[in-house]
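Enquirer: Provide a 3D model corresponding to the input given below.
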Amino acid sequence: MACTSQSAEGYIRSARRHLVGELKNLTVILENLYQRGVLCDEEVSKIQAEKDDYDKTRKILDSVTNKGEKACYEFLKIIDMTRKRTLVRHPLHPGTKTFDLHHWISCFSFKEDTETNANYLQDKLDYHLDLSGVSVDPYPCCAVAYVVTQSEKKKICLNLEDVVISEQGMRQLFECFKNVQWSGPLPRLLWEIFLINEEQMDFVRLLSLDGNLHLLVDGEKKLFESAVEVMQRMHTKVNVCLYWDKETPACHSQCESLLKALPFISSLSFRGPVSWRQEKYHGTLEREQERLFMDLCLKAAIQYKEKNKHILKWLLLLFPVKTDIDNIFLDLFEHC
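Expert: Predicted coordinates for the structure are as follows:
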């Protein structure tokens, strides 16, 4: 469920079957509805006269929805403010999908919060949200997604370095990426979160954001192995963007995984850190590309002797190197 702009009445009706039987401390809800002028003395008395909490809840929901949008909105505000006392919270079990009313109420967009959130983004955060190093469950993800969607003037810079996000939390964030700066390390970080997550996440939707699978060249072996599995499950070849965060003088450790992925790669693109744009780093990205290319050729020559020429042709199509297959073996000798 994503943060929503659905009407209050529609929001309540869509969750009615979950609300019946799972609202608690009904006296708290009734007292607040009375204090806000939603229900009168007579209506409260009739609800309290019902034989059990199931019937009382049904009566509350009927009374509120019959009164229209304003009454429904007040009801949701009450539930939001009293959720710890009025909403049942079920224990979460891996592999099970339970409708969580706490999550449900956190995803309703209360209109008076919109201007506050937009001002907070501009005045306090300077359009920068830093979530680095934290474990983010679905509730904060929903809040982050909602706040980001309020930024209409400027795209948000989102830092997800070393963040752990569940599948459900990632689904919340997907809804706000149109308002996020799709630049810097963010695409790579999202793919890292996805690839190390043991849950089955929607890689097709992640690919749709910019059409690329993003990987750090010297990333963990598990990331490359997971990336190969993802590419093998795709019906079409995948565009891959490789990142360097530093110079890599040693032989690249993930050459074997990259070679396994070759049949599933449509194109390769390459990016380095922002510092490589400085004059003193001129040509560094090109040198790293060539070094990676030669490392892959060497690995192919050693490990795939019979298929070596076929693999070299693939590499020549994917890498922007100025050589041909006849000269590669001489280059390999010099590379070693």
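Enquirer: Can you tell me the element Val64 falls in?
Expert: Counting by DSSP states H and E, the element that carries Val64 is helix 53-66.
Enquirer: Enumerate the positions of that helix that are buried.
Expert: 56-61, 63-65 (16 or more other C-beta atoms under 10 Å). Yep, even glycine has a C-beta here, placed from its N, CA and C like the rest.
Enquirer: and after it, which helix or strand comes next?
Expert: Towards the C-terminus, the helix or strand next in line after helix 53-66, according to DSSP H and E, is helix 69-81.
Enquirer: Name the residues of that following helix that are buried.
Expert: Taking 16+ other C-beta under 10 Å as the basis for neighbour counts, the residues of helix 69-81 that come out buried are 71-79.
Enquirer: Which elements pack onto that helix?
Expert: helix 8-14, helix 26-35, helix 53-66, helix 101-106 (3 or more C-beta pairs under 8 Å, 6 or more residues apart in numbering; DSSP states H and E).
Enquirer: Could you export those as CSV, including distance to Asn197 and mean pLDDT?
Expert: Rendered in CSV, the data for those read as follows (distance: least, C-beta to C-beta, whole Å; pLDDT from 0 to 100):
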stretch, distance to Asn197, mean pLDDT
helix 8-14, 29, 91
helix 26-35, 38, 92
helix 53-66, 37, 95
helix 101-106, 19, 86
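Enquirer: Put together JSON lines for those helices, with distance to Thr323 on each row.
Expert: Listed next are the helices and strands packed on helix 69-81 as JSON lines, based on distance: least, C-beta to C-beta, whole Å:
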{"stretch": "helix 8-14", "distance to Thr323": "61"}
{"stretch": "helix 26-35", "distance to Thr323": "74"}
{"stretch": "helix 53-66", "distance to Thr323": "72"}
{"stretch": "helix 101-106", "distance to Thr323": "55"}
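Enquirer: quick one: contacts of stretch 14-25?
Expert: If you take C-beta atoms under 8 Å, 6 or more residues apart in numbering as the criterion, stretch 14-25 is touched by 6, 12, 29, 53-54, 57-58, 60-61, 79, 82, 85-88, 99, 101, 104.
Enquirer: This protein - how does it break down into domains?
Expert: Here the domain parsing of the chain from automatic domain parsing is 8-106, 110-181, 182-336.
Enquirer: May I see the buried residues of stretch 182-201?
Expert: For stretch 182-201, the neighbour count (16+ other C-beta under 10 Å) marks 185-195, 197, 201 as buried.
Enquirer: cool, stretch 227-241 as well?
Expert: Along stretch 227-241, these residues count as buried under the neighbour rule (16+ other C-beta under 10 Å): 227-228, 230-231, 238-241.
Enquirer: from those residues, which is closest to Arg277?
Expert: Nearest to Arg277 among the buried residues of stretch 227-241: Cys241, at 17.0 Å, using C-beta to C-beta.
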